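Visitor: Generate coordinates for the sequence data below:
(one chain, ligands or ions: 1)
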Amino acid sequence: MTKRIWTWIGAALAVVVGVGALAVAGPWRDRGDTGPVRTVVLSMKDYTFNGKNPTLSFQPGERVHFIVSNDEDSRVLHNFRVVGMNVECGPPMIPGEKREVSVTMPRSGEFAYTCCTHPGMGGKLVVTGR
Ligand SMILES: [Cu+2]
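Guide: Numbers count the residues shown, from 1 in each chain. The predicted structure is shown next:
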C-alpha cells in the first residue's frame with residue numbers, strides 16, 4: 001500500500017517537472033514573464049498624448065514598458081492611468097517629469113489610458129487575440 005502511494009507521488013512529480021520544463025522551453029515563452037519588453041513612449045503636451053491620443057494595439061500577454069512624460073511648456077500638471085489595468089493615478093506630474101510603468105497585457109480587451117486631471121485627454125489601448 002505504501003509502495004503504491006510512492007509510485008503515485010513519483011508520477012505526480014514527473015508531471016510537475018515535465019510541465020515546468022515545457023514552460024521554460026515552450027514556444028509560448030515570449031508571452032510570459034521572460035519575453036521581450038516593448039517600450040511605448042507617451043508625451044503629454046497641449047492636453048494630448050503624442051499630439052493625437054492614438055489608439056495603441058498590443059498582443060495578448062505582451063510586456064509593455066510605458067515611459068510617460070509631461071512635456072508642457074507652461075505649468076500644466078498631468079497624470080497617467082490605465083483604467084482596468086491596475087495603473088492608478090499617482091501624484092500629479094509637473095512639466096519635465098517622467099513616469100515609467102510596466103504592464104503585462106491580458107488576453108484581450110479594450111482599455112482607456114487617460115490623464116486623471118483632464119477628462120478627454122487620453123485614448124484607447126486594444127489587446128487583440130490571435
Ligand atoms: Cu492632463
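Visitor: Please tell me how far Y113 sits from M121.
Guide: Using CB to CB, to the nearest Å, one gets 10 Å for the distance from Y113 to M121. Quick note: C-beta positions are derived from backbone N, CA and C, even for glycine.
Visitor: More neighbours: the two, which one.
Guide: Y113 (25 against 18; other CB atoms under 10 Å).
Visitor: right, and that one touches N79 too?
Guide: No - with contact defined as CB atoms under 8 Å, Y113 does not reach N79; the gap is 11.0 Å.
Visitor: Up against the ion, what does this structure have?
Guide: 78, 115, 117-118, 121 (CB under 5 Å from the ion).
Visitor: Roughly how far does the residue most central in space within the chain sit from the ion?
Guide: Central residue of the chain (CA atoms, centre = their mean): V103, 2.0 Å from the mean position. Distance of V103 to the ion, computed by CB to the ion, to the nearest Å: 20 Å.
Visitor: Let me know the secondary structure of that residue.
Guide: strand (DSSP: H, G, I helix; E, B strand; the rest coil).
Visitor: What's the local residue count around the residue nearest to it when sequence neighbours are not counted?
Guide: In space, and not counting its chain neighbours, V103 is closest to V64: 5.2 Å by CB to CB, 6 or more residues apart in numbering. For V64, the count of nearby residues is 19 (other CB under 10 Å).
Visitor: who's V64 bridged to?
Guide: R38, V103 (DSSP bridges).
Visitor: Y113 too?
Guide: In this entry, Y113 is beta-bridged to V82, G123, by DSSP bridges.
Visitor: wait, V68 sits on E97?
Guide: No - at 9.2 Å, V68 does not count as touching E97 under the criterion of CB under 8 Å.
Visitor: Could you check which of those two is surrounded by more residues?
Guide: Taking neighbours as other CB under 10 Å, V68 and E97 compare with V68 leading, 23 against 15.
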